[in-house]
Structure formats: structure tokens, C-alpha cells
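Visitor: structure for this input, please:
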Amino acid sequence: AETFVRELGLVANIDGRVLGRLTLGESLQSIRAEVDVSQCSMSAGYQRIPYSIRIDGGEVFYETDSIAVRNMSGTLGGSSFSGLTCRVGFEDPPRLEIESGQLGLLMDEIYPWLISYGSIRKGLEVFRDVKGRIGLKRLRLDGPVTRPADWDFEAEATVKDLIVDTRLCPKPVPVASGRLRATPEELSFSRVKARLLDAPMSASGILFGYLTGVSKADVELDGTIGSESFEWVSDDIVHLPPTLALQTPFPLADAKLVWNREGETSFKGKSMFPEGAKASIDLVRGPQTLVVNSLSIQDQNSRATFSITRTGRSVGMRFTGNLTYSTLDKILVSNVAPDLSMKGDLLLDIRLDKPAYSKAQGHLEAKDFTIPYSWMAPIRIEGISLDASKKGIRVDPAHFILEESHISMQGDMRFEPEGIRFDMDLAS
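Guide: Numbering: from 1, shown residues only. Next up, the predicted model:
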């Protein structure tokens, strides 16, 4: 009763009309007040909620230890609710139980209210602001009224015309539509139509631990990548060198992005470039590792697959197929290999810590391409032929241009316990 009296003291500016029945008990020796309200139309303020409350219908039941409502409808500031069935128990602190209800939430008001609680603010710090409406179609909740961080809940919602300002993106993200499902552990979303900078996207996925700082994100994407969004991803997320800048816009299909707090990111996806060039990639990047499981490029002139592994002091690479300059012209903004021709099937696994355990296999021929950056100057490869075996790699021959000097190189690179040994003949 003391809890109820204390909470009742927080209610002010009551206005309206209620119709019900008051029961004080069966005898004067056992007075127990009960209130059964069958009609309710009223408004009031409650100090724990920063917006006025208006009730337009529903039933209210009061007992000594609790107050409950059934099928209640009304408004909370600019938000609305209907079919609300819930109970507040007068423990210390008071406990809220919501069995069912539908809510139309105006996030312009609800989000500032949520982050006013310090226990929630830290978990939502990735969001600067959220504006627009979220429609809760199903809600179940149980927890102490004054400690939202301890709530156990399950909610399903739809969003429409939402604006999400997040630290994960340089500009606010307009969300046209989508579906959400939330529990204390994870936030899942499906068929979300949004725009990341100049990229219209469709997304589905799950954010784990979103209330305490996202621990993992698993997202599936489809859309179209524009110049602004590609620059953001390549510079700030993937850290691609300028020589790998892609021609935009291009479609992104069947993409999947997985990120975790420990710093590991995986990505896979497919793209189609102008004039029929296709590309797909599957990679995993960690704090000290890079694994490109597959980078595939093909059109009518080329069909090539690359794989790259960099872990600690080990570097692996495989090339299979053929690749020509005309294909790269359709994909790259600046083609550093304007006359490239490459074909073969070559596997390399270089162990810098244990060179004798390095492996090589296959054959590769390439001509007319430039290695744009070196410690001296760009190197133009006029032609090179590699034959690999368990013992090492045979270079037979290689012709390249360094500055204005024409150089030929022929010989062996061998994997030995003391290190990688080069036995080459050079001519200029």
C-alpha cells in the first residue's frame, strides 16, 4: 500500500471521467478496497513519464497489491497504444507486466526518454538520434518499472519513414520500411529498405548484445553501390588501396557481412559491372590476418579465380584461369595493367618463419602489366613465366622495365631451412 500511495503521489493534472464500482470488503472487520472500472476517459501526468497520458477506453482493476488494465487504448505524448493488457504490482520497486498490446511509437519523443536512463544510454550510444515511427504489433514485458535495463521482453514491430543517425555511418540513414523483432539479447530485422549515403539497400540480419554494446552483427544485403558509399566502405571499413577503386554504380547481390567485437570481419557478395563483367568475393579479415577465400572475375574474355591468405608470418596465394586487360577495364577506375594477359594455375604457400616448409605448385604466365608501387619505382613486367614445385619456383624467363632500364631475370627460388634462396641470372 505504501508503494501505491507513493506512486499515486506522482500523478498530477487528472482530468476526465470514469465509471466503475468500489468494494471495501465483506465486513467492517476485513476492509479490503477493490476498484473495478468499466469505462474510462481521462488524461493525467505522471512524473516518471515525461509526456502526458490520455486514456480513451479500457477496463481498470485495482487491488491492495496491484493495479491492472485490460484492452486499454489511448496516447502517450505523440505515441499511441491499443489493446493494452498489463499489470503493475506494488512491490518495491514496482513491477510491470505487459501481456499484450499494440503501440505506435513516435521515436522523436521515445528515444530521448530511453537514453535518459544511464543503464540504457551506454547500450544505445551507437545511435546519435532516431526519428520517425515504429509500430509495435506484439509486446510482452516483465520487469521493475524504474529499471528498464532489467526488463525481460519480446516485441515485434514494423518501421516506416524512420531516420536513424548512427555513428556507424557518416550521414543519417533513411529507413523507408522494414520489420523488427527484439529481445534483451538480440535485435533482428528483415526486409529493411534503407539508403546508406547514395546506396539504396535491402537488408536482413541480427545485432547481438545491442543493449550493452553490439558484440556481433550478421547482416545480409542487396542493393546498388554508388561512388559515395564505395569510397566510405573502401577508405573507412575495408581500407582498399586507390588502385583497386571500382567503377560505380554497380549492383551488390547475395552479400553477407559478419562482424564481431574482437575485430574479425567477413564479407561475401556478387556484382555485375558494365558490359557484362562479373565479380564475386569471399574474405575474412582479422586484427592480424587476411584471408581471401575466393575472388572471382569473369566475362567473355576472362575467367579467373584468386585466393590470398596472410596469417602471422605465412603468406599464401593461388591463381587459376585466365585474365585479360579488357576485363579489368570494365571493373577498375584506373587499370594499372592496360595490356595484361595472365593464365595458368599456380599455388604458393610461403612460410617466412620456417622457409623449408613452404610449398609451391603449378605454372603461370603473364605479360604486360605494371606493379605500381615499389621501394624504387614502378616496375613494368613485359613477360614472366613461373614453374613451381615442392622445392621452389623456377623463373624462366622474366623481362621487366625498371625506370628506363630493360632487365632480364632467369633462375631459381628455393625453399631451404636457412631461408629462401635466390639463384638468379640478371642481364640489362
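Visitor: count residues in the vicinity of the residue lying closest to Val214 once chain neighbours are set aside, would you?
Guide: Leaving aside its sequence neighbours, Val214 sits nearest to Leu207 (Cβ to Cβ, 6 or more residues apart in numbering; 5.2 Å). Where you see a C-beta, it was placed from the backbone N, CA and C, and this is true even at glycine. Residues within reach of Leu207, counting by other Cβ atoms under 10 Å, total 19.
Visitor: and Val333, how many residues sit next to it?
Guide: 13.
Visitor: backbone dihedrals for it, please?
Guide: phi -70, psi -50 (degrees, to the nearest 10).
Visitor: tell me who's in contact with it.
Guide: By Cβ atoms under 8 Å, 6 or more residues apart in numbering, the residues touching Val333 are Ala245, Leu246, Gln247.
Visitor: quick one, grab the pLDDT at it.
Guide: pLDDT recorded at Val333 is 85.
Visitor: quick one: secondary structure of Ile49?
Guide: When classified by DSSP: H, G, I helix; E, B strand; the rest coil, Ile49 comes out as coil.
Visitor: was I right to think it contacts Leu76?
Guide: Yes: here Ile49 reaches Leu76: they are 6.9 Å apart, a contact under Cβ atoms under 8 Å.
Visitor: that older thread, which of the contacts of Val333 sits closest to Met72?
Guide: Of all these, Met72 sits closest to Leu246, with 54.8 Å by Cβ to Cβ.
Visitor: tell me what the closest one is bridged to.
Guide: Leu246 has these beta-bridge partners by DSSP bridges: Leu332.
Visitor: re the thing from before, more crowded one of Ile49 and Leu76?
Guide: Leu76 (22 against 13).
Visitor: that one and Ile55, how far apart?
Guide: 10 Å (Cβ to Cβ, to the nearest Å).
Visitor: ok, now Thr75?
Guide: Going from Thr75 to Ile55 by Cβ to Cβ gives 9 Å.
Visitor: neighbour count winner among the two?
Guide: Set Thr75 next to Ile55 and count neighbours by other Cβ under 10 Å: Ile55 wins out with 22 against 17.
Visitor: can I assume that one sits in a strand?
Guide: Yes: checked against three-state DSSP, Ile55 lies within a strand.
Visitor: quick one: secondary structure of the nearest residue to it once chain neighbours are set aside?
Guide: In this structure, Ile55 finds its nearest non-sequential neighbour in Gly74, 4.1 Å apart by Cβ to Cβ, 6+ apart. The local conformation at Gly74, judged by three-state DSSP, is strand.
Visitor: in terms of helices and strands, where is Glu109?
Guide: helix 107-114 (DSSP states H and E).
Visitor: which is the succeeding secondary structure element to that helix?
Guide: Following helix 107-114 toward the C-terminus (DSSP H and E): helix 118-121.
Visitor: in this protein, where's the longest strand?
Guide: strand 127-144 (DSSP state E).
Visitor: which neighbours in the sheet does whichever helix or strand comes after it have, and how are they oriented?
Guide: Using DSSP H and E, the helix or strand that follows strand 127-144 towards the C-terminus is strand 152-166. Strands flanking strand 152-166 in the sheet, each with its direction: strand 127-144 (antiparallel), strand 173-182 (antiparallel) (DSSP bridges).
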